[in-house]
Each structure stands twice: as C-alpha cells, then as structure tokens.
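>>> Sharing a sequence plus its predicted fold:
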Protein chains: 2
Amino acid sequence: MKPTIYDVAEKAGVSIATVSKVVNNTGHISEKTRKKVMKIMEELEYQPSSLAAALTGKKTYTIGVLVPDIANPFFAEVARALENNARETGYSIILCSTDYQLEREQEYLELLLKKQVDGIIIATELKELKALQKLRSRNIPFILFSIDHLSLSAHVVTTDDLRGGYLAGCYLLEKGHRKLAMITEMERPSGRLRLEGFKQALADQKIELDSNAIINAKSKIEDAKLAAQKILQMKERPTAVFASTDLIAAVFINEARKAKVLVPKHISVIGFDNTIYAELSDPGLTTIAQPISDLARYAIQQLLEAIEEPSMPGRRIMLTPTLVERESVKDLTR
Amino acid sequence: MKPTIYDVAEKAGVSIATVSKVVNNTGHISEKTRKKVMKIMEELEYQPSSLAAALTGKKTYTIGVLVPDIANPFFAEVARALENNARETGYSIILCSTDYQLEREQEYLELLLKKQVDGIIIATELKELKALQKLRSRNIPFILFSIDHLSLSAHVVTTDDLRGGYLAGCYLLEKGHRKLAMITEMERPSGRLRLEGFKQALADQKIELDSNAIINAKSKIEDAKLAAQKILQMKERPTAVFASTDLIAAVFINEARKAKVLVPKHISVIGFDNTIYAELSDPGLTTIAQPISDLARYAIQQLLEAIEEPSMPGRRIMLTPTLVERESVKDLTR
DNA sequence: AACAGTAAGGAAAGCGCTTAACTTATTAAC
DNA sequence: GTTAATAAGTTAAGCGCTTTCCTTACTGTT
C-alpha cells in the first residue's frame, strides 16, 4: 500500500505535524530532524497525497482548460503552451474538448467544479453566460482565452484581432494590392473583428471592400474549398485574398493550383494564426501570427493572480499579433 | 461558500449519511426522503466534492495521459479520442505533454501519482522502464498506447505497424511500382516496424529494397525536406516513395513540386497516419490510416478494466491499419 | 403473543493531510 | 537571576465525504 504521512512519522519517530512541516517547508524544524524525515521519505518512497492536502489546504493545483477542439492545430498549440506554463508553476491541467457543443461545455464546467479546480481557462466561444455566472458565484476564477464578451467584466487574454486584420490590410496595400477579397468566419467574433480591421486598413486609403468580395466560410476544409472557388471564379479576380485562418488560406492555395491559378504569381494570399499549416503549405504562407505562447503565459499568470486574489477586478490583456512573411504574397510595386 | 453535505443534511433535517446515500444511490431510502433531499440539493446547488469522495472512496475518476507532443496532429487526435471515450464513462483526463523529454516524463509520472489518478495511458516512447516499475509497485494500472516493449508484460494497445508497412508495400506493388524508396524514423520502433513490413511485402515478390533507398528522418519539417531532396536527386529515381508519417509525405510532395517533379505523375507517394496533413496536401495523400478512435476506445476500456481488476494479466491489443486511397499514387499497370 | 425479518435512517470512525494553539527547552537581554 | 523571546515539536481539530454497524419501527408468521 501507498505509505501515508503516519508511516513516515512513526518510522522517523516524530509527529505527523513535523513530517507535514518538512514536506511543506513551513514552521521550525531542526536540520537534523529534517534530514531524518527526508531520509525516511526516500526509503518509503513517500508521496504526499495532493488529494488530502487539497481537502484541507483548499488548493488542488489543477486548472481546467476548455477548448472547442483539441485536434485543431491552433488549440493544440494553445493547450501545449498553457500546459507548459502551468507545469512550471506546479499546476496541472485537465483538458476538456467540447467539440463545439454547448451542452458538453456545460457538462465540463460542472465536472471541473466537482473536481474543485483552482481556476479555469475558457477558450470556447460560449453562448451561455449563465454558466459563467455560476463560476462567479462559486468564486472560482476564470480567464477567457482568445474570446471576449462585451457584456462581461471578466479576465480576458486575447489577440487583438482588429489590429491583426488591419495589419493584413496594410501589408497587402503596401505591396501594391488594391483589388482585395476576404474569406472569413462571420459567425465568430474573431472572424468579424478581423474583417473589421481589414476594412479599416482599406478605408484609411480610401479603398472600399466590395461586399461580395467578402465570403463567409467556416474554418473547415469543405467550406473553405467552396469559398476559394467562389473567389477564383470571379469575373474580376482580386489580386490578393485575406483568409481569416491558415486552414482556409491553405485550402485556397490548393484550390487555386487546381484552377491553374498560381500563388503568388497570379494571386496573393495571406492567412491568420501562423499554425503549422502556414509552414507546410506551398508556397509558404504569409500570415498574421497569434502570439500563442505569450497569450498562454499571460493567461496562466493572470489566472494564478486571480486565484491568489479572487476579488481582483477583471482585466483585459490584448496582445498584438505580428506579421510573418513567407512567400504567398507578391510585391506588385516593383 | 460552496455548500457541503452538512448544509444539505441540516436543511433537509436528516443525517449526512442519508444525504450521502441519496447522492450515491445506495442503502435504503424512502421515496419521500429522497425527494426531499434532492430538492434541497437543487436549491443549494449542492455539488459533492469528488475530492473528499476520493479520499474515502478510493477513486478519483481521473486518468493521466502522457503524450510526447500535443501539437502533433496525431497525438492531438489521440488526445481528443481518448478524452471523448473517457468522458462517456465519467472520467476526466489530465493531459501531459512531455515534449520528448525524459525527465519531464518522469516528473509527470510523479505528479500523476501524487494526484492519485486511477490509471495512466502512456503514449510517449519511454526509455525508462524503471518508471513503469514504480507504477507497477504502486499498483496503478497503465496502458501503453501505440508503443510496445518486448521486455514488458503490460497492457498494450497499438497499431500493427508491421502490417501497416506491409500494406503500403503491397499497394505500391499492386499499382505496378517496382523501384521503391522509404523515408522512415529509424530511431522509433514504429518507424522500424513500418520499414520491416514494407520490406517484407517486397520480399514476398522477390524484390529487394536497396539499402540507400532507405532514408532516415525524424518527423520534422527540416528533416523531411532533406530526406526528400536526397530522394529527388537520386540518379535513378524511384517511382514511388513510402513515408513513415504523413508529415514527411506532405513535405515530400512540396519538395517534389519545387523540383518540378509532379506527384503522382512523376513520382508516387504514400504516407502513414491519416492525419489532417493527408487531407490537406495537394494532391490528397494516399496513406495508411491508424484507427485512432478504435485505439482510443480500446485503450480506455482496457484501462477501466484494469482499474477494476488490477491483477489482470497484461493484454496486447493490436489493431490493423487500413489504406485510405487519395490521389498521390499513380497506377502504372494501365 | 412472540419472533424473525426487513426497511429507514443515524452515529461515528476514518480517509491523509494542514494548521492553530500549545508545551518545552534554549537563548538573549538587562 | 529573572523575564522575554524564539526555536523545535506536539496535540488535536477539522476538511467533506463514505461506510460499517446500530437502533427503531413495521410487517408478516406461527
């Protein structure tokens, strides 16, 4: 059987309180006793039960992470970055992939509450604000990751999508493109913001984005294909396309090739996210990079702060994305 | 504050034992009392602490999952499938991504022990058998996922890599290819097995695989590029290439295009894994599909059985991969 | 009427730990 | 030499539950 603190105490001839103090480095313990206890712990391969500790100490050192789909490279990267940061501070992560289903989101939140996680990072686009209400009333801190809600005063760590779209727009303009199109996920706030930013960039140059140059598509292969075809078949084809995710952009490049339209020779493409798709597509995809590891670092840091200080008022951290240049955009100015 | 079983008991005018029985559906409780208690629980939004339950009941309903890199699409899919299956049976998952580092693996195992997970699924290629020894001595069940160890009598759920390689070989032969090459990860057992199976298929037809037609490469973009170039520059170029992962295959296709060698017109490619890379590459990649969701289902099922019945002898479940045909292999026979 | 059998519920121990409060022993201060 | 402060440990309560063993009150049997 797994040895308990009692076994250690007995064998070392001290009280369990002493052992506990050695383990947690608290209180006053002589070097001699500490050594002795340590030795016994080694011998017995004693491992404190964090379960029991949590029951008293009030912390489980576990945080829940809610993502819509872990198989999506963006969230996979996010999960990895979060996990890394959490590990460094002694926390572990319970991963919940909701598969974009609301009820599952609800289910998972309940579960996490039951498991008494110390905090939650939510990267799913929740519609159910009342779920959050519950977290709030239970006083369990949470961070909205890469999503935001106007109606909510919560902790938020997100990419500045608006600025990202603006960045993309500016870059294309700078490269001499004037006839533009965008494929974006209109049902997602981030998709809409990216579009807004993009429009803004054009507007600054007195250029208007034709409304049928805006194609709505989910970040799914099939959807993206259709959207790509729509653009490729336009009578007046744009010289550059801004895709709101790398997946969409990658699919666009493939579709273009099939239609004998070469990227970047005949048409330029810029993506968003900087996932492995961007690196893997041919030509390499110029894209707006989300600062995933920074986002993760801030999210964890922010969450830990909120755990220590639950009354902390909501804080919004917005990180600026950066442009990663590869080969998918042609410079028309020279 | 979170309500406890005491709050419920008091408000319902019963003992905590009764509440516990209602919650767990054990013992003899009258319909009337049950209703009453239920109602109070609703009112108070009572949520039993699984922590406290675990401390007595002995189960945490949590399982640990160790993967080398969650950002790798294969493992992302695995994690997702495992999580799905676990959820259905009321378990949740602590995800640990070791980043291919041994020490981290060790660290995580300790952590999982501390957290008292009910079982562990290990999908990292561990070198440290002594870590497993510890699990064994602690009597905590584990499953090796997609890896195996001759020296070990453990529970194993894996793809039949040998057969997968064989399948790839047979398919290429069937399509009339005789001059073949393979890019594989020699330092991984699965990479070696895939090669073995491939060789076997050729041997069955009295064809030998030239030893310099076997290129060693890790499943990383850089490595894969180099390997691809090597093959593309051969004086006598093979007509078909078997890549031991989809990533390698996808990179190969891109490199080939850069070298003006078209797939499948000039050279055929077959991959392994059937991850999103296969779907996304252009042309679509014909590949050997790992039965990920079946693997996951068996792994969880197997693990739960082992949790119930820890003395169960090691069992090896090997699932046969299947071929998914897309467009990257040319039929030379017609 | 006496008995066993069963249904309903409660008392209390214990899971493995933390921590506040307390007891000694030791040292410092004047 | 007395007091105060500090160091080193211990005692014991309590975290929120499960579970074993009881008690009590019925019901049915002979």
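That came through fine. Numbers count the residues shown, from 1 in each chain, chains lettered A, B, ... in the order given.
>>> Pull the number of nearby residues for A:Ile207.
15 (other Cβ atoms under 10 Å in any protein chain shown). C-beta here means a position set from N, CA and C on the backbone, and glycine is covered the same way.
>>> how about the nearest residue to it, chain neighbours excluded?
Nearest residue to A:Ile207 in three dimensions, chain neighbours excluded: A:Arg178, at 6.4 Å (Cβ to Cβ, 6 or more residues apart in numbering or on different chains).
>>> which SS class is that neighbour?
Of the three states, A:Arg178 takes coil under DSSP: H, G, I helix; E, B strand; the rest coil.
>>> can you give me the helices for the stretch 151-300 of chain A?
For the stretch 151-300 of chain A, the helices defined by DSSP state H, counting those that start in this stretch occupy A:161-174, A:189-204, A:221-232, A:246-258, A:276-280, A:292-308.
>>> Minimum distance to A:His28: which of those helices has it?
Shortest distance between A:His28 and these, using Cβ to Cβ, is found for helix A:292-308: 25.2 Å.
>>> Just the buried residues of the closest one, please?
A:292, A:295-300, A:302-304, A:306-307 (16 or more other Cβ atoms under 10 Å in any protein chain shown).
>>> ok, the residues you listed vs DNA strand C, which is closest?
Set against DNA strand C, the nearest of the buried residues of helix A:292-308 by Cβ to the nearest atom of the strand is A:Ile307 (14.3 Å).
>>> Might one say that that closest one is in contact with A:Pro141?
Yes. Using Cβ atoms under 8 Å, A:Ile307 is in contact with A:Pro141, at 5.5 Å.
>>> shared neighbours, the two?
Residues touching both A:Ile307 and A:Pro141 by Cβ atoms under 8 Å, 6 or more residues apart in numbering or on different chains: A:118-119.
>>> okay, the helices of the stretch 151-300 of chain A, which one's buried deepest?
Greatest average neighbour count among the helices of the stretch 151-300 of chain A goes to helix A:246-258 (a mean of 25), per mean count of other Cβ atoms under 10 Å in any protein chain shown.
>>> Contacts for it, please.
A:73, A:183, A:217, A:219-221, A:223-225, A:227-229, A:231-232, A:241, A:243, A:262-263, A:266-267, A:269-275, A:277-278, A:280-283, A:285, A:287, A:328, B:280, B:282.
>>> do that again at 6 Å, thanks
A:183, A:219, A:221, A:224-225, A:228, A:243, A:263, A:269, A:271, A:273, A:275, A:277-278, A:281, A:285, A:287, B:280, B:282 (Cβ atoms under 6 Å, 6 or more residues apart in numbering or on different chains).
>>> How is chain A divided into domains?
Following automatic domain parsing, chain A resolves into domains at A:5-48, A:62-160+A:292-319, A:161-290.
>>> What's the mean pLDDT across the second one?
Okay, so that is domain A:62-160+A:292-319. What domain A:62-160+A:292-319 shows for mean pLDDT is 90.
>>> quick one: that domain near chain B?
Yes. Residues of domain A:62-160+A:292-319 are located near chain B by Cβ under 6 Å from any Cβ of the partner chain, namely A:70-71, A:76-77, A:79-80, A:83, A:92-95, A:97, A:111, A:113-116.
>>> Ok, stretch A:223-239 next?
No. Stretch A:223-239 is not in contact with chain B by Cβ under 6 Å from any Cβ; minimum separation 10.0 Å.
>>> Distance from that stretch to the middle of the chain?
30 Å (Cα atoms, centre = their mean, to the nearest Å).
>>> And that stretch, end to end?
End-to-end distance of stretch A:223-239 (Cα to Cα, to the nearest Å): 21 Å.
>>> what mean pLDDT does that stretch have?
96.
>>> contact partners of that stretch?
A:177, A:179-181, A:183, A:215, A:217, A:248, A:251-252, A:255, A:259, A:261.
>>> mind checking how far A:Ala123 is from B:Asn85?
As for A:Ala123, its distance to B:Asn85 is 22 Å (criterion: Cβ to Cβ, to the nearest Å).
>>> between these two, who's got more neighbours?
A:Ala123 (24 against 20).
>>> Now for the residue most central in space within chain A: which residues touch it?
Most central in chain A under Cα atoms, centre = their mean is A:Val78, positioned 4.2 Å from the mean C-alpha point. Contact analysis of A:Val78 by Cβ under 6 Å, 6+ apart lists A:Ile292.
>>> Try it again at 10 Å.
A:65, A:67, A:70, A:72, A:121, A:123, A:145-146, A:290, A:292-293, A:295-296, A:299, B:70-71 (Cβ atoms under 10 Å, 6 or more residues apart in numbering or on different chains).
>>> do the same with A:Lys330
Per Cβ under 10 Å, 6+ apart, neighbours of A:Lys330: A:175-177, A:239-240, A:262-269.
>>> now those residues in TSV, with neighbour count?
Formatted as TSV, the contacts of A:Lys330 follow (neighbours: other Cβ atoms under 10 Å in any protein chain shown):
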residue	neighbour count
A:Lys175	19
A:Gly176	14
A:His177	24
A:Thr239	19
A:Ala240	27
A:Leu262	13
A:Val263	24
A:Pro264	22
A:Lys265	10
A:His266	14
A:Ile267	24
A:Ser268	25
A:Val269	27
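>>> ok, A:Glu105 to A:Leu135 distance?
From A:Glu105 to A:Leu135 the distance is 12 Å (Cβ to Cβ).
>>> which residues are common contacts for these two?
In contact with both A:Glu105 and A:Leu135: A:Ile122, using Cβ under 10 Å, 6+ apart.
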